[in-house]
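**Student:** Sequence and predicted structure are below.
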Number of protein chains: 2
Amino acid sequence: MSRQFLAEGLELSGGDYSIVAVVAVVALAALVVGYFLLKEVLAAGQGTSKMQEIAKAVQEGAAAYLKRQRNTLAIFGVVVFLLLLALPAEDVGERIGRSVFFLIGAGFSFAIGYLGMWLATQANLRVAAASREEGGREKATRVAFRTGGAVGMATVGLGLFGAAIVVLAYAGQAPKVLEGFGFGAALIAMFMRVGGGIFTKAADVGADLVGKVEQGIPEDDPRNAATIADNVGDNVGDCAGMAADLFESYAVTLVAALILGSVAFGTKGLLFPLIVPAIGVITAVIGVYITKAKSTESGLTTINKSFYISALISAVLCTIAAFVFLPGSFAGFGDSFAGTEGNPAVIATFAVIIGIVLAGIILWLTGYFTGTEYKPVKDVGKSSETGAATVILSGLSVGFESAVYTAIVIGGAVFGAYLLGGTVALFAVALAGTGLLTTVGVIVAMDTFGPVSDNAQGIAEMSGDVDEKAAQTLTELDAVGNTTKAITKGIAIATAVLAATALFGSYQDSIKQALQDVFAKGGDPNSVPKSFIDNIVTPNTLVGVLLGAAVVFLFSGLAINAVSRAAGAVVYEVRRQFREIAGIMEGTARPEYGKVVDIVTRDSLRELATPGLLAVFAPIAVGFGLGTGALAGYLAGAIATGTLMAVFLANSGGAWDNAKKLVEDGNHGGKGSPGHEATVIGDTVGDPFKDTAGPAINPLIKVMNLVSLLIAPAIVQFSVGPDASAGLRIAIAVVAVLVIAVAIVVSKRRGTQIADTPSDTPAGATAS
Amino acid sequence: MSRQFLAEGLELSGGDYSIVAVVAVVALAALVVGYFLLKEVLAAGQGTSKMQEIAKAVQEGAAAYLKRQRNTLAIFGVVVFLLLLALPAEDVGERIGRSVFFLIGAGFSFAIGYLGMWLATQANLRVAAASREEGGREKATRVAFRTGGAVGMATVGLGLFGAAIVVLAYAGQAPKVLEGFGFGAALIAMFMRVGGGIFTKAADVGADLVGKVEQGIPEDDPRNAATIADNVGDNVGDCAGMAADLFESYAVTLVAALILGSVAFGTKGLLFPLIVPAIGVITAVIGVYITKAKSTESGLTTINKSFYISALISAVLCTIAAFVFLPGSFAGFGDSFAGTEGNPAVIATFAVIIGIVLAGIILWLTGYFTGTEYKPVKDVGKSSETGAATVILSGLSVGFESAVYTAIVIGGAVFGAYLLGGTVALFAVALAGTGLLTTVGVIVAMDTFGPVSDNAQGIAEMSGDVDEKAAQTLTELDAVGNTTKAITKGIAIATAVLAATALFGSYQDSIKQALQDVFAKGGDPNSVPKSFIDNIVTPNTLVGVLLGAAVVFLFSGLAINAVSRAAGAVVYEVRRQFREIAGIMEGTARPEYGKVVDIVTRDSLRELATPGLLAVFAPIAVGFGLGTGALAGYLAGAIATGTLMAVFLANSGGAWDNAKKLVEDGNHGGKGSPGHEATVIGDTVGDPFKDTAGPAINPLIKVMNLVSLLIAPAIVQFSVGPDASAGLRIAIAVVAVLVIAVAIVVSKRRGTQIADTPSDTPAGATAS
């Protein structure tokens, strides 16, 4: 089952082309549905002029950030485009296709992010406005959820459309081109997650440190120069970053399924992984339209119900599709499968259902560990009575524990699909991934809900034009948003594991193929260095596992540190404005909001470079320096540690945030009590956990996997056969290490750490 | 290079026996030196009667704890003894030897722990007394360091003696018997680390929450009912647990080197790994005796100097030994090595030097990240000006970063030894481990220094019989102790990686051997299930890696949670005493110290069961349930994530502790400032990090490795050949999972969480 098989005989028949074309049409239909949802959102009322003025400032700030980010990333994109052109390829068509579709994947990823952000900034205002009307709760929920629906439709529509086009255009060579497409999507998504994550938390933490703590003014108070930046942050982080991330999850999982599908099932293997998400599109539409807030149930219940209903419909439709499109025995795929046991339709059905069930379990687990109505968050809330230290420790425990259960569930899904799949085990794992994908439309809708509600609350607060009942509605929506955000992160990391496990198979395949190519050109099979052995018990593989785990720790530390540095700059600027602009505190002068937005924009774009370079260059260093066996270990270590770390960071952060909300709702002393202060400390620690470091680990894993897949043939070429050159290999590894080292040193020397801000700090200031 | 080779021809010659006998004599000599150091310590002055009274209470409490722990562990030991008897073995001698030496290893581990604790409780008082005399700083340092020297000599003496005896008695079968010896040492050490860690931090956190925070009385105030328990905790955790842990590190690393040495080099391979640590004994004696405090340099500089000098001497002596005892080419080992390239003496020399250099680098790295005079801790201290949240975040960053660099250095050492070793790569890794061992004597001496100084300060404070200059001396010694404690943890985790990597090789070997045995009995080679493949890119191996990483997270979470539960019980009891015993606050009535000691003893012995059962049963569940390939992945995941997590927890905890000391020394507002409060919160979070969860990960890794090694033949036996039974395998796995699940559920339902303590909490209490 090597790639050889692919290049030889894979041709799509006329009927196959029609099916792919239908899938492409379904994808376009998703975009059309998204457009109608968008129009519905834009048609909603826009509230008072004060509200509009604030919303406009947020819109402008967010657009300015994304514009500058686009320019930064464009340079990066061009460099990678050229590097991809230089990598070994079978022919010119593959070489160009891979690079061009890298750009298309990157472009789509950015476009989805931009759309998500733009629409959210439009919707914030309208949700705030809706909350003031008669039946405000239902109306506001509807606008918020429809906004998410529009972004969700765009995510699945573009992802599916891109993949279908590649299959139509490249057929047999689709897998290599898809690697480019997935890599583009993942790379840009990672940058948008990291950059947006740094932006949102630097502004948030900076605003709180000066506003709430030093000056004693409430959150979202218009006298705080960082408030607009804070709200801009919600949009560029939670909306743009999240949408790009989920698009990337969608695209890469689909890419993995298509690559392995073509290896396992031939042509049919390129079709079925497209049919499953096409079904997902249909059920997502249903899921979005059936979501109606009722006054008798909580917002989370409403959303969960839609999720479970659409998941059930997906499972039924996918089962039907499997039995219609797949033969009942492997002999149906042609002579080469004659002796293979098992029923492809049954395997495919159960694999997809494993993915769908996995999504459901993660939804439930995350809700349990981060929801205000369950024991874990209640325990964290209670621990506030003995102070901040116990709040931190109990939140960390919740994070550790939830990470373990989530990892076991994901591992169980992988192992289940693997056992089920028999000879096509890897493809079964990938199909489980496509099963997860059928839920992405609804998941994006759920997630977008969070930041939109959060911002609506911000606009309401700043404008002062919202009465108490409406404010209560918005607060409730915001708490639901905290949990849905954590759920999305859980689902995203699950796609990372499934996609990475599947891609891992292609990694080995790619190395075998490259070795065969080298031997064909006269390389000596005996010259294969021992560092090519990917047996896990060899020391070089084990060192790889250790380094893979280390990269996850380093990446997390860098991201958290970047927030601290960027927040320091915000603190400094806001203090300067309070000091130099007379009348801010009295409300007679307006702070220069734009200045703070500019500073955070500049800093977060600068800060995203180091973690980004680490993700791209670390696998290069390990692969060229230590060999493909160590690189295999490296990927395994990064996937395993990354999964646990991502869930740990997301869920402990979510638990602290909601524990604070519990106290603010009047428990354990309520607002202003020492217990409240303790949970505010917990929440501040959790901010960069859950919104910067945690969510960026998902695209990190995928970027590292795809980089490894892309460089594998080059490592082989420089290690064995006529082009072998230990010097060149080591030189590449050294350059990669130097790039990372320089980036780390530069970022350490740069910027103002919070702690470095000059001593105009009131001595008694305590962070929160 | 299978084990076959071993059983066939491995016989020690008369000359070989003499060498092993000399090693045994050196080991006994170490015990004699230890005895003289001990006598010197006991001869020192014992201060005032008040000091003696306090010391006696601590001694009694510690002895009572260890006695009850011994009884608990004895039951466990007997059960494991019987299980080991039941596991497959080549003959009756091996079967009985393995079980008996399990008990001996366990007994030695406990004895060292007991000795470390007993001697520390004797020394505390004498250090406190010495600080009051003329030239107090030099005298106190000397007593504290000589105490450590005595424990260090006992550690290396017993470890080396045990291993030498096994080699003398079992020759060819020594490896299997050594597995039992190492397992006994590691298992008991893990329990002592976990139990002692829970004890010390539950008492510490509990004492602080009620004493410092609620009642506003200083640390070590005799009116606090938990003070004696707090001081007992330092001894059972930092002394008994640490000494057992380092003994285990010593024994298991030596065991790994002997097992692989016999495989790689035949008889000489059983000799050289004994000669290296014998040299270490000699240099450790030198290291201990040259350590003399000078008034012109800091305590840490003095200790570091001794370390570096003794390491240098070790390197020189080991080089000489390699060239004297090992031939210049592999042909010297006999015909079977005729074609092998490389110079064994050179390989051995460099491998040992890699280990020694590794110890030096870790010493330096840890000192940098946790010492008060370097940037990281200074930054954490500075961040106290913006409050507790930034203290937590910056401490976490320090932990992440230091873990990454430490992991890279350890990985580099493994890879270096691996490249160097050629055909004997694994043995070279194990030899690097023995290089590390040459430093253990001095390391134990350095580490014991920490808790002895800490307790001396406690006794001084409680008795009130120490003047300001003497108190200053003790405070300085205590700060040095914080860093040396972190260093020990770094070295311990490095031994874990080297030993585990080496043992990993024997794991594979053991499976191959077991498979051959089964085939010889008529098993079908084609029936080997695919879950036996330990290729890292198969999904089952990857699931194993994920589960291995998850176990480390779960273990850490359980340990931290256990501290929180046990501390809750302390809080409750201390509050009760303040309420019910009239006159405590006025100093007219004495609190019931013994009650608190009893409670913590009971709770920590109960709490150690869950993490302990997890360590033993998780590999059983993975191995029997998912196969040996998944188990290989599991070990790799646990080693990699465990390394990073252990260093992260140890160093972030160390950094917070010393950041607090920085503030207490008058920086950033000094004692009583909001900055101090912020660092106290950081320190409280760090307590279970650095003293409970972090250090226990080292024995955890080794226990899991040795369990896997021991059960591997049984897994093979039940999977392939005449005894194969899927039902039995799954039944064993299910039982193992159930044991873990029940243990977790029971521990969750039990005991009083801090947050659950009744509402007599002053509403405004803030933890610290």
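**Tutor:** Cool, the structure landed.

**Student:** For the stretch 551-700 of chain A, which residue gets nearest to chain B?
**Tutor:** Nearest residue of the stretch 551-700 of chain A to chain B: A:Gly557, at 3.1 Å (CB to the nearest CB). In this view, the C-beta of every residue, glycine as well, is placed from N, C-alpha and C.

**Student:** tell me the SS of that residue?
**Tutor:** helix (DSSP: H, G, I helix; E, B strand; the rest coil).

**Student:** neighbours around it, how many?
**Tutor:** If you count neighbours by other CB atoms under 10 Å in any protein chain shown, A:Gly557 ends up with 22.

**Student:** Identify the residue nearest it in space, chain neighbours excluded?
**Tutor:** Spatial nearest neighbour of A:Gly557, chain neighbours left out: B:Phe400 (3.1 Å); criterion: CB to CB, 6 or more residues apart in numbering or on different chains.

**Student:** Look up phi and psi at that neighbour.
**Tutor:** With angles defined as degrees, to the nearest 10, B:Phe400 sits at phi -60, psi -50.

**Student:** for the residue of the stretch 551-700 of chain A closest to chain B, what are its contacts?
**Tutor:** B:Leu396, B:Ser397, B:Phe400, B:Glu401, B:Val404 (CB atoms under 8 Å, 6 or more residues apart in numbering or on different chains).

**Student:** what about 10 Å?
**Tutor:** By CB atoms under 10 Å, 6 or more residues apart in numbering or on different chains, the contact set of A:Gly557 is A:Pro611, A:Ala693, B:Leu396, B:Ser397, B:Val398, B:Gly399, B:Phe400, B:Glu401, B:Ser402, B:Ala403, B:Val404, B:Phe648.

**Student:** my read: the fifth one touches B:Gly371, true?
**Tutor:** Put plainly, it is B:Val398. No - using CB atoms under 10 Å, B:Val398 is not in contact with B:Gly371, being 11.4 Å away.

**Student:** tell me, what's touching these two both at once?
**Tutor:** Shared contacts of B:Val398 and B:Gly371, defined by CB under 10 Å, 6+ apart, are found at B:Val377, B:Gly654, B:Ala655.

**Student:** what's the neighbour count on the second one?
**Tutor:** Neighbour count of B:Gly654, defined by other CB under 10 Å: 33.

**Student:** what number of residues lie near A:Gly505?
**Tutor:** Count around A:Gly505 with other CB under 10 Å applied: 24.

**Student:** repeat for A:Asp204
**Tutor:** 26.

**Student:** Show the residue spans covered by the helices in the stretch 1-150 of chain A.
**Tutor:** Secondary structure of the stretch 1-150 of chain A (DSSP state H, counting those that start in this stretch): helices at A:4-9, A:14-43, A:49-86, A:92-132, A:136-170.

**Student:** would you turn those helices into JSON lines with mean neighbour count?
**Tutor:** Below are the helices of the stretch 1-150 of chain A laid out as JSON lines (neighbours: other CB atoms under 10 Å in any protein chain shown):
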{"stretch": "helix A:4-9", "mean neighbour count": "15"}
{"stretch": "helix A:14-43", "mean neighbour count": "17"}
{"stretch": "helix A:49-86", "mean neighbour count": "18"}
{"stretch": "helix A:92-132", "mean neighbour count": "25"}
{"stretch": "helix A:136-170", "mean neighbour count": "26"}
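
**Student:** Out of those helices, flag the one nearest chain B.
**Tutor:** Closest to chain B of the helices of the stretch 1-150 of chain A is helix A:4-9 (CB to the nearest CB; 18.3 Å).

**Student:** Out of the contacts of A:Gly557, which end up buried?
**Tutor:** Applying 16 or more other CB atoms under 10 Å in any protein chain shown to these, the neighbour count classes A:Pro611, A:Ala693, B:Leu396, B:Ser397, B:Val398, B:Gly399, B:Phe400, B:Glu401, B:Ser402, B:Ala403, B:Val404, B:Phe648 as buried.

**Student:** okay, which residue is most central for chain A?
**Tutor:** Chain A has A:Asp245 as the residue nearest its centroid, 3.3 Å off, counting by CA atoms, centre = their mean.

**Student:** any idea which of the shared contacts of B:Val398 and B:Gly371 is closest to A:Asn235?
**Tutor:** Nearest to A:Asn235 among the shared contacts of B:Val398 and B:Gly371: B:Ala655, at 35.5 Å, using CB to CB.

**Student:** Identify those among the contacts of A:Gly557 that sit within helices.
**Tutor:** Among those, the members falling in helices (DSSP state H) are A:Pro611, B:Leu396, B:Ser397, B:Val398, B:Gly399, B:Phe400, B:Glu401, B:Ser402, B:Ala403, B:Val404, B:Phe648.

**Student:** Perfect, that will be all.
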